[in-house]
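> What follows is a predicted structure for the sequence shown.
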Amino acid sequence: MTGKFIIQGGTPLRGDVTVYGAKNAASKMMIASLLTDEPCVLENVPLSQEIDITREFCERIGSEVAIGMDHRCEIRTPEIKNTSVVEFSRKNRIPILAFGPLLHRKGEAEVPFLGGDAIGHRPIDLHLEALNKMGVTIERRERSYYATADAIIGADIEFPFPSVGATENVLLTAVRARGTTTIRNAAVEPEILDLIRMLQGMGANIACDSAARVITIRGVPRLTGAVHRVLPDRNEAVSFAVAALATRGQVRIVGASADDLGAFVEKVKAMGAGVSQEADALVFSGADAYRATDVATAPHPGFMTDWQQPLAILMIAARGVSTIHETVYEDRFGYVKDLRRMGANIEVSDECIAPPCRYAGRTFNHSARITGASLLKGTDIVMTDIRAGMAHVIAALVAQGKSVISGTDHIDRGYERMDERLRALGADIKRV
Ligand code: UD1
């Protein structure tokens, strides 16, 4: 059963915290390991529920998986025992990435409809169209997608939008396809570049021009095992950073690098935060007062959509009017109603904040105007997704008084022992 966090706000966070490997890379790398019958070793894997779900999913397919407390995951799939994994319906967004590995090894795959956070419609048309182009036939069934392919062939694919999941899906299918696949307008998030490094370590032939958003994959008949260290989780780093800044503390985030957090670092510096890069850590130092700012979310190297919810907490503490223009998902401001109950002054609207985005003229509430500085008061909140949930936890750490935040499953899905690590930084947070 899911638990609650009881948080007494107002303590500045101080100290060192280490970020673990990115869940959004590690889970995809576990799927990549299905492309070979040889063992793969992933280091720095986060011990989060998302990894547990992915592990069960791989085991159901036939993988032998061992994950130690040392964050080392050994995964080997000598034989594919099941090509149908429909029972993993709506748990997360990973099953759809298994098409390529299952088709290459068994010629068929049946995956369930996807889950993940409720942040909009989240279609998978780009995945399906790209796989079709590569010779995969996909039939929509009552609860699943059933795919078959006589031969998977390289194709020229241009995405209308640089989708992270669709880029990964094509990568995981193209690495063992016959011929060359080119992905244009590809997503080039650091997690994708890290997945490419792992696939290259397995023997894949991939060239990536990030600036041009072009990825070229020359299919190879077989891949081998590999040892790969998962890159640090950027979302974890941002959550700790905002928690440090909004509580006006100082936290050294070990493992974080300004290279992968450029858009975030630039924004919080403009707001008045202190940020310095050390050899092994990024240090965030709070200021007495913050300046308002404007942010538009975008695919990497832009400001990531998963960072707008924590940044909103810093905007509440900033003097003046800040704005957030969410251009990646149409419905990502569900969390603001609880922040309003805590005392924040936030209005959401279906209008774009110039320049217009692909949601212009539609009725999606995809922009927010935050007027600060407001002091937050503790309250009771039910979390509904990972990033929004983390924003609520940070708001409670800043607020005066006590907050009771239920739905800890959402945090545990994406973050390893978040409450313990916040406590080590001085936060008054208990799990019940
Ligand atoms: C991944 C991340 C998520 C992050 C997002 C954007 C994981 C598990 N999740 O999600 O945390 O917020 O990237 O950085 O890695 N779209 C379509 N058709 C498609 C696919 C996507 O219209 O076939 C749209 C989506 O509805 C959304 C946008 O494209 O509006 C971005 O989605 P995408 O980049 O695919 O995100 P995910 O891979 O689902």
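Done, it's in.

> how about residue 96, phi and psi?
When read as degrees, to the nearest 10, the backbone of residue 96 gives phi -60, psi -20.

> now swap in residue 21 and tell me
phi -60, psi 160.

> any idea how far it lies from residue 200?
18 Å (Cβ to Cβ, to the nearest Å). Every C-beta, even on glycine, is put in place using the N, C-alpha and C of the backbone.

> For these two, indicate the residue with more neighbours.
residue 21 (29 against 16; other Cβ atoms under 10 Å).

> Which residue, other than its chain neighbours, is closest to that one?
residue 230 (3.2 Å; Cβ to Cβ, 6 or more residues apart in numbering).

> so the one you found touches residue 24, yeah?
No. At 9.9 Å, residue 230 and residue 24 do not qualify as touching, with contact defined as Cβ atoms under 8 Å.

> among the helices and strands of the protein, which one scores worst on average pLDDT?
Sorting the helices and strands of the chain by mean pLDDT, DSSP states H and E puts helix 408-414 at the bottom, at a mean of 90.

> Contacts for the helix or strand just after that helix next, please.
Next along the chain after helix 408-414, taking DSSP states H and E as the criterion, comes helix 418-424. Contact partners of helix 418-424, identified using Cβ atoms under 8 Å, 6 or more residues apart in numbering, comprise 5, 13, 15, 17, 239-240, 243, 390, 393, 397, 408, 411-412, 429-431.

> again, 7 Å this time
Counting contacts by Cβ atoms under 7 Å, 6 or more residues apart in numbering, the residues outside helix 418-424 that touch it are 5, 15, 17, 243, 411, 429, 431.

> tell me the mean pLDDT over that helix?
Mean pLDDT, computed over helix 418-424, is 97.

> Also stretch 265-284?
On average, stretch 265-284 scores 97.

> how about it: buried residues?
Across stretch 265-284, burial judged by 16 or more other Cβ atoms under 10 Å covers 265, 267, 268, 271, 272, 273, 275, 281, 282, 283, 284.

> wait, the fourth one sits on residue 318?
Yes. Here residue 271 lies in contact with residue 318, judged by Cβ atoms under 7 Å, at a distance of 5.8 Å.

> List just the nearest of the buried residues of stretch 265-284 to the ligand.
The closest of those to the ligand turns out to be residue 267 (Cβ to the nearest ligand atom; 16.4 Å).

> hmm, back to that, mind giving me the packing neighbours of the least confident helix or strand of the chain?
Packing contacts for helix 408-414, counted by 3 or more Cβ pairs under 7 Å, 6 or more residues apart in numbering; DSSP states H and E, involve helix 49-61, helix 386-398.

> Looking at the ones you listed, which one is packed in the most?
Across these, averaging neighbours per residue (mean count of other Cβ atoms under 10 Å) puts helix 386-398 on top, at a mean of 27.

> for the buried residues of stretch 265-284, which one is nearest residue 249?
Of all the buried residues of stretch 265-284, residue 284 has the smallest distance to residue 249: 8.6 Å, by Cβ to Cβ.

> Can you give the contact residues for the host helix or strand of that closest one?
Following DSSP H and E, one finds residue 284 within strand 281-285. For strand 281-285, contacts defined as Cβ under 7 Å, 6+ apart pick out 237, 241, 244-245, 250-254, 256-258, 273-276.

> about what we covered before: can you redo the buried residues of stretch 265-284 as TSV with distance to residue 133?
Formatted as TSV, the buried residues of stretch 265-284 follow (distance: Cβ to Cβ, whole Å):
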residue	distance to residue 133
265	38
267	37
268	41
271	44
272	48
273	45
275	43
281	44
282	41
283	47
284	44
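
> isn't residue 76 right next to residue 39, touching?
Yes. If you go by Cβ under 7 Å, residue 76 and residue 39 touch, sitting 4.1 Å apart.

> mind checking how far the residue lying farthest from the centre of the chain is from residue 134?
Most distant from the centre of the chain: residue 150, at 33.4 Å, with distances by Cα atoms, centre = their mean. Residue 150 sits 12 Å away from residue 134, taking Cβ to Cβ as the criterion.

> How about residue 7?
Residue 7 sits 48 Å away from residue 134, taking Cβ to Cβ as the criterion.

> So which of those two has more stuff around it?
For residue 7 and residue 134, the more surrounded residue by other Cβ under 10 Å is residue 7, and the numbers stand at 28 against 24.

> my read is the more buried one is in a strand, agree?
Yes. Applying DSSP: H, G, I helix; E, B strand; the rest coil, one finds residue 7 inside a strand.

> wait, what's in contact with residue 39?
Per Cβ under 7 Å, 6+ apart, neighbours of residue 39: 74, 76, 225.
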